[in-house]
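Trainee: Got a predicted model here, sequence first, then my questions.
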Amino acid sequence: MGATDAPRDHRPREEGRTRTRRAGQKGDPDAGRGGRGANFCLSRDAVENTRQSDTDRSIRHASARRWRDGSLEPFADSLAVEEPLEIRLGGRRFTVTMRTPGHDEELAAGFLLAEGFVNSPEEISEVRIVPVRRGAAQENVIDVILAIPAGQLRDRLRRNFVVSSSCGICGKTSIDAIERRIEPIESALRLGGASMLKLPAMMREAQTVFRATGGLHAAALFSAAPALNGAGSGIGLVLLREDVGRHNAVDKIVGRALMDRMLPLKNAILMVSGRLSFEIVQKAAAAGVPILAAVSAPSSLAVELAERVGMTTVGFLREGGFNVYTHPERIV
């Protein structure tokens, strides 16, 4: 993680708190309007897992010493939690990623969609926390039961590659292969420059765990149409996820949208902290996002992929302005 890519510590000293509910539940701020896929369900352990406070799972308190006025002084600090998550497919170990606990079922679903292993919520039968030792749930192991014929799954496994937060893209891939798999983005969305400039402040305000720790990336989904947030004209924050890995946060956004039948996200803007990498563009393209923005720079490969799939990419989005790298026709 480079210096411009790392989350910056501008936190106040108080802690924010968040609450989560089961997606689709009445009053759930994270629930989409389409509802969960007809065949998708969470096991009891996974449902209980989603009800835990993200703040409780994402923050750990530690004793530290701060250098002030020529001496070290003890103080209590709050740290972002980083733990491994093992994702299994039908009981078999598939991959391990380092992530911040919380919304793990979303992370798994979003990862599988972005990498081409699933195409719809109907292809995910169940997501469950794996029981270990005397029936207790191991929160760092999640098992995804797919409703895909074995031969078809083997073919998808051969055609795709595995991503982990520690190494990024862990295999040789090509834009041509991804372009063949991902539908071109078609969206009539147009957004004014003044609306774009509002996004960074809206995202920061919702980053409760970052305010407490200064150690997490974020991905935020915004809507410019009532189809997503029911707010009429203007732009609104639909969903935000925080994680030690920027791509994990995007997977959680994409997974939530998949589970709530919101895809493709034709009227949405996705913003991430840090830079725009190739894999962030890939994940956003799999969800049909027409405008992808970041507070830092895009990579050359990210720009090339975005150009070919029809995505507008915005970099260095801050209060004073921004750069548009691909498909500028959507920014008016």
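Mentor: Perfect, thanks for sending it.

Trainee: Low-confidence ranges, the protein, go.
Mentor: Under the criterion pLDDT under 70, the flagged ranges of the chain are 1-56, 132-138, 158-177, 179, 212, 225-233.

Trainee: what residues go with each domain of it?
Mentor: What automatic domain parsing lists as the domains of the chain is 41-181, 193-330.

Trainee: Distance across the shortest one, terminal residue to terminal residue?
Mentor: What it means is domain 193-330. 10 Å (CA to CA, to the nearest Å).

Trainee: same for whichever strand or helix holds residue 130, what does it pack against?
Mentor: Secondary-structure assignment from DSSP states H and E places residue 130 in strand 124-132. With contacts defined as 3 or more CB pairs under 8 Å, 6 or more residues apart in numbering; DSSP states H and E, the secondary structure elements packing on strand 124-132 are strand 41-42, helix 44-51, helix 104-114, strand 136-146. Heads up, the C-betas are built off the backbone N, CA and C, glycines and all.

Trainee: Tell me how many other residues surround residue 262.
Mentor: Using other CB atoms under 10 Å as the criterion, residue 262 is surrounded by 25 other residues.

Trainee: nope, residue 94 is what I was after
Mentor: Residues lying near residue 94 (other CB under 10 Å) number 17.

Trainee: Likewise for the one 3 residues further on?
Mentor: A count of neighbours around residue 97, defined by other CB under 10 Å, yields 23.

Trainee: If it is in a bridge, with which residues?
Mentor: According to DSSP bridges, the partner residues bridging residue 97 are residue 85.

Trainee: From what I see, it and residue 85 are in contact.
Mentor: Yes: taking contact to mean CB atoms under 8 Å, the distance of 5.5 Å between residue 97 and residue 85 places them in contact.

Trainee: Tell me the spatial nearest neighbour of residue 317, not counting adjacent residues.
Mentor: Leaving out its chain neighbours, the residue that sits closest to residue 317 by CB to CB, 6 or more residues apart in numbering is residue 293, at 4.7 Å.

Trainee: helix/strand/coil for the one you found?
Mentor: Assigned with DSSP: H, G, I helix; E, B strand; the rest coil, residue 293 falls in the strand class.

Trainee: Give me the neighbour count for it.
Mentor: Residue neighbour count, defined by other CB under 10 Å, stands at 26 for residue 293.

Trainee: got it, and residue 143?
Mentor: Taking other CB under 10 Å as the neighbour definition, residue 143 ends up with a count of 22.
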